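Visitor: Build me a structure from this.
(3 chains)
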Amino acid sequence: MTLLLTTVAVHAESAKAVAAAAPRMDPLHHFQVVNYIKISPFGLDLSISNSVIWMWISVAAVFFFFWYAFRRPELVPGRLQSVAEAGYLFIRGIVDENIGSGGKPYFPMVFTLFFFVLFCNWTGLIPGSFTATSQLIVTATLALGIFFLSIFLGFYKHGLKFLGFFVPSGLPVLLLPLMVPIEIISFLARPVSLSVRLFANMTAGHTVLGVLFFFAATLPWVGSWLPFGFSVVFTAVEIFIGFIQAYIFTILTCVYINDSLHLHH
Amino acid sequence: MESLPASFIGMGLAAAGLAGSGIGLGFMFGKAIEAFARQPGAEAQLSKYVWIGAAFVEAIALYGLVLAFIIMGKG
Amino acid sequence: MISSAYAATAGPAPSSGLPQFDSSVFASQMFWTVVSFLILMYLLRRYVMPAINDILDSRGKKISEDLQHAEKARHEAERLLAGYREQVERARQMTATTLEEARIEASAIRDHALEELTEELAKKRTAALEEIERARVNAMAEVREAAVEIAMLATEKLIAESVGRAKADEMVHAALGHLEQNKANLH
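Guide: Numbers count the residues shown, from 1 in each chain, chains lettered A, B, ... in the order given. A predicted model of the protein is given here:
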């Protein structure tokens, strides 16, 4: 870009001045966390940032969506109630399918997780908003919570027999020194892959959107319609990806809980 | 070699990992379409797994992208 | 593109590459993520899930009730059908009975008629036989009279012209032949 601008300007000095004044592409700018209110009791940093505020907005949106859909529940559901019920049954289907017996106590957690992630993904698509799930630490917190929950459940249900999870059955003993570390590493990689998958999807999607928006805003009108049109299409793709990622996050959560509950390894 | 140009090269190399994900996605959707052509009745059941798989494969590409961003920060 | 992005992020802000890797905001976001998640979970469990469970349960109950109603209605219909079948069967039996009775009555009438006819015929026959008998008796009386007359005639002739044995035989034969001839007319 600077190269292009220098060809326009005759003198190097004026070229630098023009380049400094021209809008610069910064597709990562909207991931910047800004602390609005500093709160730090006992030396802990609990500041309210834009990420936290949009997290709250997502939480409020989830709650009001369901609360409004079921403010007067009817036996023959209206439109909104049908959608809410479909969402509820969708999660119940995931839990039943992936955890099966004994999955009922974890249903509220999985339900909350799905809609928390889904609405964080979707509210992030509102222009000017902030995507909480594009923050690595947010997804990592969720993933670590699930990880520790699965470890706790494993030891709580099976005691030390849970360690047998790392020993694949039906293998020759000679292979065990090779396989057990692999199993342990893959187990430890679970929270990493879970959190990075969601965070990277959101980040990449919004980065691409940022690039497209930059071109749509700065190109002359002859060229700007192309990135603009593509950004519209890509927003639709992002809505889909937001759903798919929330779905995957939920399914994997169920799978991990199931692995801890039922040792059929 | 200066660290800044080197980090650019490293970012490019890390992002080259996206190629593998592209191959994977192509394989997966190709096979999925093959499967749908053979068994049109199973499309509803299979497409669920196709999208899950697509998300997994895509995630692999994004690990490369994250690596590129990490290198960008170190440069 | 990368260079401009790099230039922008490497500006005055103390960032290193992606803003997500800036560890200074980790603590607050971690805390608020946990808190938000737990608050959402509490709210959904407290206010939303009971409503959804209630409505789903009541719908399930309604459906099962409807099914029960349908089952009851089916039983009722089956009962009615059985009743109608029974009625039809009864009617058929009644028809059959009536038919049988009619048949028996008809055959009784026929038997009666036949009996009467037979009786009448027998009566007629008896009457005819009596008539015949009477006629025979009359005829026999006539024959006897005729025989007496013949005998008297013959006796007169015998008396008038003394007759030889051969002559007498011939005469008796003639008289008997006469009788034989008339015999056919007797019956």
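Visitor: so where's chain C shaky on pLDDT?
Guide: The model of chain C has pLDDT under 70 over residues C:1-16, C:160-163, C:184-187.
Visitor: mind listing the strands for it?
Guide: For chain C, applying DSSP state E gives no strands.
Visitor: Name the nearest residue to the residue of chain C found nearest chain B, ignoring sequence neighbours.
Guide: Proximity of chain C to chain B (C-beta to the nearest C-beta) peaks at residue C:17, 2.3 Å away. All C-beta atoms are positioned from the backbone trio N, CA, C, and that covers glycine. Of all residues not flanking residue C:17 in the chain, residue B:73 sits nearest, at 2.3 Å (C-beta to C-beta, 6 or more residues apart in numbering or on different chains).
Visitor: re the thing from before, so the residue of chain C closest to chain B sits against residue B:70, correct?
Guide: Yes - Residue C:17 lies in contact with residue B:70 (C-beta atoms under 8 Å); the separation is 6.4 Å.
Visitor: Kindly report the residues of the stretch 151-265 of chain A close to chain B.
Guide: A:193, A:196-197, A:199-201, A:203-204, A:241, A:244-245, A:247-248, A:251 (C-beta under 8 Å from any C-beta of the partner chain).
Visitor: The same query, at a cut-off of 6 Å, please.
Guide: For the stretch 151-265 of chain A, the contact set with chain B under C-beta under 6 Å from any C-beta of the partner chain comprises A:197, A:200, A:201, A:204, A:244, A:248.
Visitor: returning to that earlier point: burial measure for the residue of chain C closest to chain B, as a count.
Guide: 22 (other C-beta atoms under 10 Å in any protein chain shown).
Visitor: For it, give me its contacts.
Guide: B:69, B:72, B:73 (C-beta atoms under 6 Å, 6 or more residues apart in numbering or on different chains).
Visitor: Over to residue C:171?
Guide: residue C:154.
Visitor: What of residue A:201?
Guide: Residue A:201 makes contact with A:241, A:245, B:62, according to C-beta under 6 Å, 6+ apart.
Visitor: Name the nearest residue to the residue nearest the centre of chain B, ignoring sequence neighbours.
Guide: Centroid-nearest residue in chain B, with C-alpha atoms, centre = their mean: residue B:21, separated by 2.8 Å. Once flanking residues are discounted, residue B:21 sits nearest to residue B:61: 3.2 Å by C-beta to C-beta, 6+ apart.
Visitor: Does that neighbour touch residue B:20 like I think?
Guide: No - the pair residue B:61 / residue B:20 is not scored as a contact, 7.5 Å apart, by C-beta atoms under 6 Å.
Visitor: The two: which is more packed in?
Guide: Ranked by neighbour count (other C-beta under 10 Å), residue B:61 and residue B:20 place residue B:61 first, with 21 against 13.
Visitor: how close does that one get to residue A:250?
Guide: 22 Å (C-beta to C-beta, to the nearest Å).
Visitor: quick one on the thing from earlier: just the contacts of residue C:17 now: which is nearest residue C:98?
Guide: For these, the minimum distance to residue C:98 (C-beta to C-beta) is 102.6 Å, reached by residue B:69.
Visitor: okay, now that closest one: neighbour count?
Guide: Count around residue B:69 with other C-beta under 10 Å applied: 25.
Visitor: Quick check: closest non-adjacent residue to it.
Guide: Leaving aside its chain neighbours, residue B:69 sits nearest to residue C:18 (4.4 Å; criterion: C-beta to C-beta, 6+ apart).
Visitor: How many neighbouring residues does the one you found have?
Guide: For residue C:18, using other C-beta under 10 Å, the count is 22.
Visitor: So it sits against residue B:71, correct?
Guide: No - contact criterion C-beta under 6 Å: residue C:18 and residue B:71 do not qualify, at 10.6 Å.
Visitor: Can you name the residues of chain B that neighbour chain C?
Guide: B:69, B:72, B:73.
Visitor: Please report the distance of residue B:34 from chain A.
Guide: 22 Å (C-beta to the nearest C-beta, to the nearest Å).
Visitor: If you could redo that for residue B:6, that was the one I meant.
Guide: Applying C-beta to the nearest C-beta to residue B:6 and chain A gives a distance of 21 Å.
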